Structures are given as structure tokens and as C-alpha cells.
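Enquirer: After the sequence you'll find the predicted model.
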Amino acid sequence: MAKEASFDIVSSINFEEVKNAIQMTTKELGNRFDFKNSTVEITMEDHKLTVVGDDDFKLEQIKDVLMGKLIKRGVPVKNIHFATSENALGGKARQTAELISGIDKENAKKITTAIKNAKLKVKAQIQDDQIRVTGKSRDDLQEVIALLRKMALPIELQFTNYR
């Protein structure tokens with residue numbers, strides 16, 4: 001038998017694609033009739049999105065269009081966690097969202113525990129914000145991927161460096 005096979009479990013967001021989706025959303029909403037003379041502001045600083053609209057109804061419409069653009073661009077929308085809407089200056093509504101990139105310690109422990117409980121002949125190691133899974137059989141690695149796809153996690157997982 002040859003060397004051990006391995007892959008990495010990551011959860012990442014391409015921030016350039018998020019910026020592109022924001023630009024496309026702003027452009028589309030600027031051309032829509034129902035958004036004439038309305039406030040549409042979508043900004044991204046660090047790993048936070050801020051959406052500002054005239055009221056909660058408009059805010060939800062802005063978010064719907066933005067989510068559609070993000071999905072088309074391949075951004076995992078499961079990694080975007082919106083806070084509750086709040087009132088901004090001038091009677092506007094504002095909502096912030098956190099863009100989660102990387103697997104936090106709590107979810108990493110859930111993932112490694114699930115892999116160990118599956119009783120497969122693989123090893124899972126937490127490495128910063130990703131997890132490396134190694135094993136002698138590629139079939140076992142495929143079973144781990146299938147197991148993790150079935151799990152209900154608050155973040156979306158990607159599987160990279162499959163060797």
C-alpha cells in the first residue's frame with residue numbers, strides 16, 4: 001500500500017466575490033422602479049457587512065437581491081450571519097452581518113468528534129481554522145466527506161487538498 005491519503009476541511013469566503021455581488025446588487029437596485037428615491041447602502045469593512053434601507057421591508061428586499069447575487073457567484077451564504085435589524089439615523093433601518101471565514105474551535109470539535117464516533121480508520125487534526133483528515137484508505141476519506149455533508153452545521157464546509 002502506498003502513502004496515506006489526506007484532505008483538508010475548510011470554511012472560507014472569497015471576499016472579492018462578495019464585493020462584486022455588492023456592486024451588482026447596488027447597480028440592480030438603482031435601476032428598479034420600486035427603489036426610486038430610496039436608500040440602498042451595502043458596505044463591507046473587515047469581515048462585516050452593513051445593509052441600510054428605508055424600512056424593514058426594503059431591507060429584506062435588499063438582502064434577497066444580495067443573497068441571490070452571492071449564490072450566483074458561489075459564495076456560501078450559510079457563512080453569513082445577520083444580526084437583528086436596528087433603527088439608524090433619519091428613520092432608516094440598518095442590519096449588520098458577520099462573514100465567517102474559517103472553522104472556529106467549537107465547530108472543529110463537533111466535526112472531529114463526529115469523525116471519531118463514525119469508527120472509521122482515519123485521523124482528524126485541528127490546524128488553526130481548518131481540519132486535516134488522514135487515512136490509509138481513500139474510501140474511508142470519502143465516507144468522512146459524506147458524513148460531514150449530512151451534518152447540520154452553522155457554516156458551510158469545503159474539502160480541499162484531496163491527495
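Expert: That came through fine.
Enquirer: Please tell me how far residue 156 sits from residue 10.
Expert: 10 Å (CB to CB, to the nearest Å). C-betas here are computed from N, CA, C, even on glycine.
Enquirer: which of the two has more neighbours?
Expert: residue 10 (18 against 15; other CB atoms under 10 Å).
Enquirer: Does the more buried one touch residue 130 like I think?
Expert: Yes: Residue 10 lies in contact with residue 130 (CB atoms under 8 Å); the separation is 4.6 Å.
Enquirer: Check the average confidence over stretch 77-95, would you?
Expert: The pLDDT scores in stretch 77-95 average 90.
Enquirer: So which bits of it are buried?
Expert: Buried residues in stretch 77-95, defined by neighbour count with 16 or more other CB atoms under 10 Å: 79, 80, 85, 92, 93, 94, 95.
Enquirer: okay if I get those residues as CSV plus distance to residue 50 and secondary structure?
Expert: As requested, those are exported to CSV (distance: CB to CB, whole Å; DSSP: H, G, I helix; E, B strand; the rest coil):
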residue, distance to residue 50, secondary structure
79, 17, helix
80, 12, strand
85, 11, coil
92, 11, coil
93, 11, strand
94, 7, strand
95, 8, strand
